[in-house]
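Engineer: what would the 3D arrangement of this be:
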Amino acid sequence: MSVKATFVLDDLVISEARAYVLENHFKSLSAFVERAIRNELEKLRQENIKAAVSRAGSDPLFLADVMEMQQAFQHTDFETGAA
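Structural biologist: I've put the predicted structure just below:
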């Protein structure tokens, strides 16, 4: 479902975006803006995941869980040849 939204953007940003649309890189300015927002949201999600993984790497409870899982599956890993 599409929702109409209004934004105030810098003249140069709009001019450059319109130029890409006119060069047939996008079907419309709305499509360009939507893609830019989607790309930025994906970038932010990835940054959040990286930050969470980084925090987990120094979390003693998480590290204890990892060690426990490694010990629980060490025989299984040996049987399959995994290291």
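Engineer: state the helix or strand in which Phe32 lies.
Structural biologist: Using DSSP states H and E, Phe32 sits in helix 29-56.
Engineer: which strands and helices lie in contact with that helix?
Structural biologist: Identification of packing neighbours for helix 29-56 by 3 or more CB pairs under 8 Å, 6 or more residues apart in numbering; DSSP states H and E yields helix 11-22. C-betas here are computed from N, CA, C, even on glycine.
Engineer: can you give me the offset of the helix it packs on from its chain's centre?
Structural biologist: Relative to the centre of its chain, helix 11-22 is centred 25 Å away, using CA atoms, centre = their mean, to the nearest Å.
Engineer: list the buried residues of that helix.
Structural biologist: Ala17, Val21 (16 or more other CB atoms under 10 Å).
Engineer: other residues contacting that helix?
Structural biologist: Residues outside helix 11-22 that contact it (CB atoms under 8 Å, 6 or more residues apart in numbering): Phe26, Lys27, Ser28, Leu29, Ala31, Phe32, Val33, Ala36.
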